[in-house]
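Visitor: here's a sequence, model it:
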Amino acid sequence: MLQCTPQAAAALDEVRRRNDVPDGFGVRLFAARSSQGDVGLGIDFAEVPAEGDEVAQQHGTTIMVAPEISDQLAELTLDVAPDPLADGHEAPQLVLRPTDEG
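Guide: Next up is the predicted model:
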């Protein structure tokens with residue numbers, strides 16, 4: 001199952017609050033298709049998991065992973081890396097990293 005760092009969970013919680021998404025909603029990761037047909041990773045807030053989703057509570061956040069991408073994300077960790085903005089403030093950027101085995 002995809003892991004989530006405390007920093008990523010806090011960043012997602014901040015985004016949820018800024019967008020007035022209710023407290024009970026979790027984070028759902030799924031395969032997203034662009035208008036050009038490219039497939040990427042979609043992240044959204046959801047009240048309940050979709051059928052077949054893998055679900056876990058991590059650092060106070062419900063993580064839901066769609067079945068079509070669960071195998072690809074199983075060995076990864078969702079984390080944040082600082083992303084300096086032009087105005088000098090930092091905003092978190094979500095990144096996927098290999099899960100440490102040690």
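
Visitor: give me the helices and strands touching the helix ranked longest in the chain, please.
Guide: Longest helix of the chain, by residue count under DSSP state H: helix 6-18. Helices and strands touching helix 6-18, by 3 or more CB pairs under 8 Å, 6 or more residues apart in numbering; DSSP states H and E, are strand 61-65, strand 76-84, strand 90-98. Placement of C-beta: from N, CA and C, glycine included.

Visitor: that helix versus strand 61-65: what angle between them?
Guide: Counting by axes from the mean of the first three to the mean of the last three CA atoms, to 10 degrees, helix 6-18 lies at 100 degrees to strand 61-65.

Visitor: in helix 6-18, what counts as buried?
Guide: Across helix 6-18, burial judged by 16 or more other CB atoms under 10 Å covers 8-9, 11-13, 15-16.

Visitor: same question, stretch 44-57
Guide: 45, 49, 53-54.

Visitor: ok, stretch 62-74 next?
Guide: In terms of neighbour count (16+ other CB under 10 Å), stretch 62-74 has its buried residues at 62-66, 69, 73.

Visitor: hmm, back to that, and the next helix or strand past the longest helix of the chain?
Guide: Next helix or strand after helix 6-18 toward the C-terminus (DSSP states H and E): strand 26-33.

Visitor: and the helix or strand following that next one, which strands flank it?
Guide: Using DSSP H and E, the helix or strand that follows strand 26-33 towards the C-terminus is strand 39-46. Applying DSSP bridges, strand 39-46 is found paired with strand 26-33 (antiparallel).

Visitor: and Arg33, what does it touch?
Guide: Shown in contact with Arg33 (CB atoms under 8 Å, 6 or more residues apart in numbering): Val39.

Visitor: so which of the buried residues of helix 6-18 would you say is closest to Gln36?
Guide: Val15 (25.7 Å; CB to CB).

Visitor: flag the shaky bits of the chain, pLDDT-wise.
Guide: Scanning the chain with the threshold set as pLDDT under 70 gives 82-91, 101-102.
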